[in-house]
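**Student:** build me a structure from this.
(one chain, ligands or ions: 1)
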Amino acid sequence: MKHVSLLRPRILAFLPDHFSRPADPDVDPRPQRTTHRAHPRRLGTAAILASVALLLGGGTAVAAPAPAGPAPDAAVDCSAAGAKCIALTFDDGPAPRTPELLDILDRHGAESTFFMVGRQIERRPSTVRMVRDRGHEVGNHSANHRVLTELSEREIRAEISEVNDLVRREIGRSPTLMRPPYGETDATVAKVIRDLGMTQVIWNVDSEDWKGHDSATITRRTLADAKPGAIVLMHDTIDPTIEAVPTILRELKARGYTMVTVSDLLRSGQADLDRFEGGPTALPVESASAP
Ligand SMILES: [Zn+2]
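**Tutor:** Numbering: from 1, shown residues only. Next up is the predicted model:
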């Protein structure tokens, strides 16, 4: 029996200064423009929220993109009995090490979803194409990584639309998935996302890589909470995450998982998510005792 509470999750993200690695030839020496802030986490580590705000009309919201270059395991049917699919997601890029991460994913036949920030897309537009060409999904993570719940409806729309335009310019189609920065959402944010014909995607497994953990801890945390149908929060902007991914992929494969995009998971109907179409008071959050 799954217990839900109506507490609105407040997922924070304290992210290191991942936009200024000296090894990056196109690094911008100016202070990062993307704002990250930390705020306290209300939920226990196991009490991870999971929510996908589907468009009115449900599943049609994820009538999404067939990847251009499917990874080797792309043929798996996540809706088949016994299938174990999981969606790894990487936020805040494109980042200097995103191409390296793509190589790692390729080696393990893993697909994933990259929730990209507009300002980063402008700095590394070719990486957007690379992500698409390697069979992964490009999602929207807002133009400036601001807390959308603190913005006006017009500003929220601008934050999202700008990234849709940037991505469409690079790969010819707009993202269908939107992940609000820090997982911060409310009725207005959800409405704007719906109005734009997109699906809001939060996560239900948190690697906690944004907490400054080393790769061993990120690996342990991720594998401890991994379950079929999960959407896993990670960041391609964080070095220990990149270093953790090979072990995570090896172990997930050993456990029989296939790594798929969020849209594939949603289409399969197997996503282990609570879905809502309303505002924040309708947003269910799994309690620590949830399976
Ligand atoms: Zn983020």
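
**Student:** direction included, what does the helix or strand harbouring Phe115 pair against?
**Tutor:** Per DSSP states H and E: Phe115 is located in strand 112-116. Here strand 112-116 has these sheet partners by DSSP bridges: strand 85-91 (parallel), strand 137-140 (parallel).

**Student:** does the longest one reach the ion?
**Tutor:** I take that to be strand 85-91. Yes - using CB under 5 Å from the ion, strand 85-91 reaches the ion at Asp91. C-beta coordinates here come from the backbone N, C-alpha and C atoms, glycine included.

**Student:** pretty sure Pro181 contacts Thr149?
**Tutor:** No - with contact defined as CB atoms under 8 Å, Pro181 does not count as touching Thr149 (9.8 Å).

**Student:** quick one, which of the two is more surrounded?
**Tutor:** Pro181 (25 against 18; other CB atoms under 10 Å).

**Student:** pLDDT at that one, what is it?
**Tutor:** Per-residue pLDDT puts Pro181 at 96.

**Student:** just Pro284 next, same as before
**Tutor:** As predicted, Pro284 sits at a pLDDT of 29.

**Student:** phi, psi for Met234 please.
**Tutor:** Per-residue torsions, Met234: phi -140, psi 180 (degrees, to the nearest 10).

**Student:** any stretches of the stretch 151-291 of the chain with poor pLDDT?
**Tutor:** Judged by pLDDT under 70, the stretch 151-291 of the chain has its weakly predicted residues at 272-291.

**Student:** spell out which parts of it neighbour the ion.
**Tutor:** Pro181.

**Student:** all strands for the stretch 151-291 of the chain, in order.
**Tutor:** Here the stretch 151-291 of the chain has its strands, by DSSP state E, counting those that start in this stretch, at 177-178, 199-201, 205-206, 231-235, 258-259, 274-276, 285-286.

**Student:** so which of the ones you listed comes closest to Ala110?
**Tutor:** Taking CB to CB, strand 258-259 is the member of these nearest to Ala110, at 3.6 Å.

**Student:** what strands line up against that closest one, and which way round?
**Tutor:** strand 85-91 (parallel).

**Student:** so what touches the helix or strand following the partner strand?
**Tutor:** Where DSSP H and E defines the elements, the next helix or strand beyond strand 85-91 is helix 98-107. Applying CB atoms under 8 Å, 6 or more residues apart in numbering, the contact partners of helix 98-107 are 71, 90, 111-112, 114, 124, 127, 130-131, 134, 136, 236, 242, 245-246, 249, 259.

**Student:** swap in 6 Å and give it another go.
**Tutor:** Residues outside helix 98-107 that contact it (CB atoms under 6 Å, 6 or more residues apart in numbering): 112, 127, 134, 236, 242, 245-246.

**Student:** got the buried residues for it?
**Tutor:** Residues of helix 98-107 classed as buried by neighbour count (16 or more other CB atoms under 10 Å): 98-99, 101-102, 104-106.

**Student:** and of those, the nearest to the ion?
**Tutor:** Thr98 (14.1 Å; CB to the ion).

**Student:** thinking again about what came up before, would you format the buried residues of helix 98-107 as TSV with pLDDT and distance to the ion included?
**Tutor:** Shown next, in TSV, are the buried residues of helix 98-107 (pLDDT from 0 to 100; distance: CB to the ion, whole Å):
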residue	pLDDT	distance to the ion
Thr98	98	14
Pro99	98	20
Leu101	98	16
Leu102	98	19
Ile104	98	21
Leu105	98	19
Asp106	97	24
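
**Student:** which of those sits closest to Ala187?
**Tutor:** Thr98 (33.0 Å).

**Student:** before we move on, back to that, to Arg267, which of the strands paired with strand 112-116 lies closest?
**Tutor:** Short answer: strand 85-91, nearest of the strands paired with strand 112-116 by CB to CB, at 10.5 Å.

**Student:** Ser152 and the ion, how far apart?
**Tutor:** In this view, Ser152 and the ion are 21 Å apart by CB to the ion, to the nearest Å.
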